[in-house]
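[1] Sequence below, structure please.
(2 chains, ligands or ions: 2)
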Amino acid sequence: MGYIIGQNIIRKEAFNKVTGTAKYTDDFIATGIYHADLLVSPYAHAKIISIDISAAASAKGVKKIITGNDINVLCGPLIDDKPPLAKEKVRYHGEPVVMVVADCEQNAKAAVAKIKVNFQPLPVVNSVSDALKENAVLIHENLQQYKKNVSDVYPETGSNVCGHVKIRKGDLQKGWQESELTIESNFTLPQSDHAAMETRAAQCQIMPNGRVIVCSSTQAPFSVKEQINKTFQVPIEDIDVNVLFVGGGFGGKAAVQLEILAYIAAKAVDGHTVKIASSREKDMITTPCKIGLEAKIKIGAKKNGKIIVAEMHYNVDCGGYADIAPRIAKAIAVDCAGPYNIENISCDALSVYTNHPVATSFRGFGHTSLSFCIERMMDKLGAALNIDPIEIRMINALTEGCYSPTQVKVTLSNTGNFGECLNKLKTLINWHEGQRIVESNHLIRAKGVGCFVKTSDSPTNAISGVLLTFNSDGSINLNCGAVEIGPGMKTTAAQILAEKLKMDIGRIQVKMEVDTQTSPVHWKTVASMTTYMVGRAVISAAEDLIRQLLNGAATILRCTPEDLEIAEEKIFLKTDQKIYLTFKDIVHGFQYQNGNSIVGQIMGRGNFIMNQLSYLDKETGEGKAGPYWTPGAQAVEIEYDTIQHTYRILKAATVVDAGKVLNPKTVKGILMGGMCMGLGLGTSESFIYDAEGIVQNTSFRTYKMMRYGETPDYLIDYVETPQLDAPYGSRGLAEHGIIGIPAALANAISLAAGIDVTKLPITPEQIWQQKEGVRQ
Amino acid sequence: MLAFKDKSIISLNINGDNVTVMVNPSYTLLHVLRENLGLTGTKPGCENGDCGSCTVLVDGWPIKSCLMLAVEAIGHQVITVEGLKNAPIQRSFVENWGFQCGYCTSGFLMVCHALKNIHPDADDFIIEQWLQSNLCRCTGYGEIKDAVKAVLENKI
Ligand code: FES
Ligand code: FES
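    Ligands and ions are numbered 1, 2, ... in the order given. Alright, predicted model coming up:
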């Protein structure tokens, strides 16, 4: 142990990325391919009365124009509720209505401008609460007729609810009776965008022999394959999905949309290659965004600070179509109590249709929103009882032997040590100096805490695999189906292999591209699960190699495999290291002096499948959603100006139980990136709709994200409680930097300004309105 | 004043080479670099001047190539990331973990490279003014700060 684990390893593709040579989907410039562009809905909810394509059809370079009426399919990952191009009506601002295929991008765009669509506006459902009102306008009138692709989603007929997850744990009545104090609050969080710097793009060609070749910026190539198969009945073996580097995903590229459109377009022009690339504006609203949330939480506690009961309603704004939102609602339900032990819980997590853009997975998979609510509740409880915010969290911390909301037993291995994270956080942010410090007559420095625990919500049978082959010089090629979206997972896979074989990582070549025909299946590159899943498969593949190497070498060296050991590309006798074979001697077959040969080509196969996961019980939620939790504690320190109601972010801190930090600089970078994004959510990122549900800020000029110079000092520390079934004890860690940050910021501002923040983002205007009591 | 109408053949100086390209007057420099010349290291992120991922150097100054017409580049020296050729800033980004997905990287490299040439003594304020032009969604900018400082302090 410790051969290379724990060292800073520069990512394998680093020099390709600083020279502009690393290729992303849209970087393949080919002449002769066609381009598709979309006419999208200018309304959030409207009937399509007529579409006039006559002027566009005869426009220069146009090859084909496709409308919803030309396609008779519905698609979606969980529920088939979405026509790829709107049919009869549109359900969100930005929804694709007509697709033009032309010989170049300019001609496609010009033709789109010539299409006339006559819409008849319908009443708009502009919030989750509107959608849940009695007699609310139904966004999907035929919800009950849709095909479900999984058994465990529960749409509610005659409503706008496309999924409902229930958690019932303990005895609620008893809990309320024993409570000495109750706290109740409502929270509202807006939809926002992934805003990966690379906008989404896809390309499709259908070969004369029927093969469908897709190239796309996706985190989930194997889902693309499945969805094209399912939606269009193309035999699965005929679909090949290729992925190059992906310019940031954050969950947004796990959704399948442009690939479906690219397939439809290619099909309409006799299989010719068609490329469809989103403009930034369309990338923000036409393709999926982050969920919004409305929540109502009530907790009951003892005077000593111990929470004994909670009743929670989390209503997820999934926009016009379900996409994966019911799974996000499930994820919220599974971890509804945050990193705290609450014996008696009732939680209802609904996914609710609105006339907002469609939401999909986003870094943290609902946990950032959930954590905002729970962490505000913790601060409110602490304040009501006059207990220090960290202390109140400590009192309620999830510890070994507790049961999660879905009644999974907590162990140190599967959940790490949350209490220790809190302890370390205290030191990291100098908690002892005080939480609210008056600096001058109008400046206040304040600290807020936000914590999390997160598991994943993969299918119970999610798989991963790794193939290892040797080059003739004994170096290794590593091939896995995870996509390199930024966090350096391919390099981490190589690092795990180098550790296992005790060899130079420079001698391990990683295949960066994914090609579903030759790469082993990997569920999706999401959920901070890649290192766990791929890492396990790497170890299993390495063991496969080791077995073959030892057996082969034992024959040649005339000993038993047990007499041998492997390191530095050598297989040597334990008792005399001078007697050895090198990998080079044996991996493509060993040749004796007289020419006789044995062993043959050595290849490693490794696989991983989730084990012990189960569906949640429909009524109580009992069941196991993910293999482990990663816990952490975060804080934000601000300086608040009591006159202007503006604030500066001074510090952001994270302590996470990483199990084992494999590649410190890489992990730190991922955490800082998450924290930065969390500060964006806290301070400014939000879709703004007008009264008709039209998104007002669809460009980076109006949708503000953190820029250089606006970020605070980042403080990061780790607890390392090994996760026994993970590669070298390393707990999944990628999304987590973001999760507790908006909550921590809200807690800091609430304290500094003496207000109760229940909404994001927190603008000076919002603070001013609360302070001055101005009606919104 | 130059006037262009319909497709025209123009000559540009890109990375030290004179190249001849056929363009529509409306083509942006970004478009011509990528689509006509295959220099795809320059990335579109918004094509609206907001993200900086398309930044190139024009006569040594960082310019968002999505906001400049190709015909406007006539008579100027354009350098793209492909033209950097082992500039210290490239190694600095690698050694300081200045990127993850790498999509914004070309743009940041060009801004930082120009900054080093134009303001070798840049202080934090100037660095901030220059780098605010670009967006990175993966990092928290901390490593980018380390990378640019290392170059300014001649540590690379
Ligand atoms: S693409 Fe030019 S600034 Fe964004
Ligand atoms: S590294 Fe991905 S956007 Fe900067």
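[2] For A:Ala482, grab phi and psi.
    Per-residue torsions, A:Ala482: phi -80, psi 140 (degrees, to the nearest 10).
[3] A:Ala753 now?
    Dihedral pair for A:Ala753: phi -90, psi -10, per degrees, to the nearest 10.
[4] Could you count how many residues lie near residue 86?
    I went with chain A, as the question did not name one. If you count neighbours by other C-beta atoms under 10 Å in any protein chain shown, A:Ala86 ends up with 25. In this view, the C-beta of every residue, glycine as well, is placed from N, C-alpha and C.
[5] that's the wrong chain, I wanted chain B
    Residues contacting B:Asn86 under the criterion other C-beta under 10 Å number 9.
[6] Report the separation between it and B:Ser92.
    Note on B:Asn86: its distance to B:Ser92, by C-beta to C-beta, to the nearest Å, is 12 Å.
[7] and what of A:Pro357?
    From A:Pro357 across to B:Ser92, the span is 39 Å (C-beta to C-beta).
[8] So if I had to pick from the two, which one is more boxed in?
    Neighbour tally, A:Pro357 and B:Ser92, criterion other C-beta under 10 Å: the higher count belongs to A:Pro357, 32 against 25.
[9] Give the closest residue to the residue of chain A found nearest chain B in space, chain neighbours not counted.
    Distance from chain B to each residue of chain A (C-beta to the nearest C-beta) is smallest for A:Gly20, at 1.8 Å. Spatial nearest neighbour of A:Gly20, chain neighbours left out: B:Gly41 (1.8 Å); criterion: C-beta to C-beta, 6 or more residues apart in numbering or on different chains.
[10] Quick check, pLDDT for the one you found.
    Looking at B:Gly41, its pLDDT stands at 98.
[11] And the helices in chain B?
    Assigned helices in chain B, in chain order: B:29-31, B:88-95, B:105-118, B:124-131, B:142-152 (criterion: DSSP state H).
[12] now what about the shortest one, what contacts it?
    It refers to helix B:29-31. Identification of contacts with helix B:29-31 by C-beta atoms under 8 Å, 6 or more residues apart in numbering or on different chains yields B:42, B:44, B:47, B:54, B:56, B:63, B:65-66, B:68-70, B:72-73, B:78.
[13] same thing but 7 Å
    Residues outside helix B:29-31 that contact it (C-beta atoms under 7 Å, 6 or more residues apart in numbering or on different chains) are B:42, B:44, B:54, B:65-66, B:68-70, B:73.
[14] do the same with the fourth one
    Contacts of helix B:124-131 with the rest of the structure, by C-beta under 7 Å, 6+ apart, involve A:708-709, B:111, B:115, B:119, B:148.
[15] For the closest residue to A:Asp270 other than its chain neighbours, list each beta-bridge partner.
    Excluding the flanking residues, the one nearest A:Asp270 by C-beta to C-beta, 6+ apart is A:Ile206, at 7.9 Å. Going by DSSP bridges, A:Ile206 is paired in beta bridges with A:Val212.
[16] How many residues are close by A:Ile206?
    By the criterion of other C-beta under 10 Å, A:Ile206 has 21 neighbours.
[17] related to what we said a few turns ago, so which of the contacts of helix B:124-131 wins on neighbours?
    Greatest neighbour count in the contacts of helix B:124-131, by other C-beta under 10 Å, goes to B:Val148: 27 neighbours.
[18] ok, the residue nearest to it when sequence neighbours are not counted - contacts?
    Leaving out its chain neighbours, the residue that sits closest to B:Val148 by C-beta to C-beta, 6+ apart is B:Cys112, at 4.6 Å. Taking C-beta under 7 Å, 6+ apart, we find B:Cys112 in contact with B:89, B:148, B:151.
[19] per-residue confidence at the last one?
    The one in question is B:Val151. Confidence at B:Val151, expressed as pLDDT, is 98.
[20] do the same with A:Tyr353
    On the pLDDT scale, A:Tyr353 is placed at 98.
[21] quick one, what contacts it?
    A:131, A:139-140, A:160, A:162, A:318, A:320.
[22] tell me the phi and psi of it?
    Per-residue torsions, A:Tyr353: phi -70, psi 140 (degrees, to the nearest 10).
[23] Quick one: residues contacting A:Arg327.
    Counted by C-beta under 7 Å, 6+ apart, A:Arg327 has contacts A:78, A:457.
[24] Grab the nearest non-local neighbour of A:Ala268.
    Nearest residue to A:Ala268 in three dimensions, chain neighbours excluded: A:Lys64, at 4.6 Å (C-beta to C-beta, 6+ apart).
[25] That neighbour is in what secondary structure piece?
    Element membership for A:Lys64 (DSSP states H and E) is strand A:62-67.
[26] Since that was my last question, I'll sign off now.
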